[in-house]
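J.: When you get a sec, could you give me coordinates for this:
(3 chains)
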Amino acid sequence: MPELPEIETLRRDLISLGLPGRRITDVRIFWERSIQSPSPGDFSSLIRGRRVSGIRRRGKYLALDLEGNMSLLIHFRMTGGLIFTDKETDPDPHDRVIFGLDEGSLVFHDTRKFGRMVLTDEPETILHSLGPEPFDSSLTPELFFSRLTSRKRVLKALLLDQGFIAGLGNIYADESLFAAGLHPLTPSNVLDRSESEKLLRCIREVLDRGIRNRGTSLGDGESNFSSSGRYGRNADSLQVFRRAGKPCPRCAAPVERIIVAQRSTHFCPVCQPLLMKASEHATL
DNA sequence: AGTGGCCCCTGGCGGC
DNA sequence: TGCCGCCAGGGGCCAC
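T.: The predicted structure follows:
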């Protein structure tokens, strides 16, 4: 499940492999629903002939900026990946869209077909609904605290909400909460300033480690392809994710697994006690 | 306003 | 061994 560190790794790989400057000469669409808009026919005719001028990331979106004021936004959802290759090989059964380039080709690979692309001259109409970038300096501890406490939602659900903060998915949300020592069901409005500050710091540390490790490969059938093969070695750094029943690396208590917001959620019941307001304690 | 249910998909895996 | 049914999981949408 590509999250911020995996998309960032892909972005950096595509740049170092020389995708910017390449021209899209041809499009083959094998699964039409991979193209969210415009229609597959318009998509092909509008994108053909354009040169890639830049590659950005916003949350879990990768944006290929194209000459002539167009952007290709790609969301990889669960199993999507993008492979930039100079070899002409037969399409894999899971290749959904192949862009022929003036040199090489760019393959959108997506086993479970959840990924989506949008070709648009107004990417902001899609990206504006995303919350702040975790590493953006405009996301100050004060702003994070006010966003956290101005509503009452369980922390896990809030961290997964791309409108609250952009780029966290199930893996890095669980790992951030573990690092911060916060129970996933903690209501967001009970955190004090220092707990909020710690959570923001932990989110940044967990994501930064993920990027330095070139992302997380779980090796369980999810494709998660970066352009230079599978994603990186961050699985070795995971403390609680998919470790239910195994000892907490900090205190050795068994890691628990619960469902929160329809997502499996992993935490240490000892290191991540549930905080509540004093008034709510009294009523229990 | 916040949460839960359901949907989209398919490979992998547990159960028998 | 083989087959069936269940599950994960990001995000959109709808109901409560």
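J.: alpha carbons only for contacts and neighbour counts from here, please
T.: OK.
J.: tell me the SS of residue A:259?
T.: Taken by DSSP: H, G, I helix; E, B strand; the rest coil, the conformation at residue A:259 corresponds to strand.
J.: Now for it, how many residues are close by?
T.: Counted by other Cα atoms under 10 Å, the residues lying close to residue A:259 total 10.
J.: beta partners of it?
T.: Beta bridges link residue A:259 to residue A:264 when assigned by DSSP bridges.
J.: Put the alpha carbons of stretch A:47-57 into PDB.
T.: Backbone C-alpha positions of stretch A:47-57 (Å, rounded to 0.1, in the frame of the first residue of the first chain) are rendered in PDB as follows:
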ATOM      1  CA  ILE A  47      -1.600  13.400 -23.400                       C
ATOM      2  CA  ARG A  48       0.000  12.200 -26.700                       C
ATOM      3  CA  GLY A  49       2.900  14.400 -27.800                       C
ATOM      4  CA  ARG A  50       3.500  16.100 -24.400                       C
ATOM      5  CA  ARG A  51       6.800  16.200 -22.700                       C
ATOM      6  CA  VAL A  52       7.200  15.500 -19.000                       C
ATOM      7  CA  SER A  53       8.400  18.800 -17.400                       C
ATOM      8  CA  GLY A  54       8.400  17.900 -13.800                       C
ATOM      9  CA  ILE A  55       7.400  15.400 -11.100                       C
ATOM     10  CA  ARG A  56       5.900  16.300  -7.800                       C
ATOM     11  CA  ARG A  57       4.300  14.500  -4.900                       C
END
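J.: same question for it, mean pLDDT?
T.: The pLDDT scores in stretch A:47-57 average 97.
J.: Quickly run through the sheet partners of the helix or strand where residue A:98 lies, with directions.
T.: Residue A:98 belongs to strand A:95-101 when assigned by DSSP states H and E. Based on DSSP bridges, the pairing partners of strand A:95-101 within the sheet are strand A:24-29 (antiparallel), strand A:105-110 (antiparallel).
J.: Kindly compare burial across the ones you listed and name the winner.
T.: strand A:105-110 (a mean of 24; mean count of other Cα atoms under 10 Å).
J.: Following the chain onward from it, which element is next?
T.: Moving on from strand A:105-110 towards the C-terminus, the next helix or strand you reach (DSSP H and E) is strand A:116-120.
J.: Could you give the separation of that next one from the chain centroid?
T.: For strand A:116-120, the separation from the chain centroid amounts to 17 Å (computed by Cα atoms, centre = their mean, to the nearest Å).
J.: Check whether it comes near DNA strand C.
T.: No - using Cα under 7 Å from any atom of the strand as the criterion, no contacts between strand A:116-120 and DNA strand C are found, and the smallest distance is 9.5 Å.
J.: helices or strands up against that strand?
T.: Packing contacts for strand A:116-120, counted by 3 or more Cα pairs under 8 Å, 6 or more residues apart in numbering; DSSP states H and E, involve strand A:35-37, strand A:70-75.
J.: Relative to DNA strand C, which of these is closest?
T.: Nearest to DNA strand C among the helices and strands packed on strand A:116-120 is strand A:70-75 (7.2 Å), distances taken as Cα to the nearest atom of the strand.
J.: Need the residues that contact that closest one.
T.: Strand A:70-75 is contacted by residues A:60-66, A:115-123 when judged by Cα atoms under 8 Å, 6 or more residues apart in numbering.
J.: Given it, what are its sheet partners and their directions?
T.: In its sheet, strand A:70-75 lies beside strand A:61-66 (antiparallel), strand A:116-120 (antiparallel), with partners assigned from DSSP bridges.
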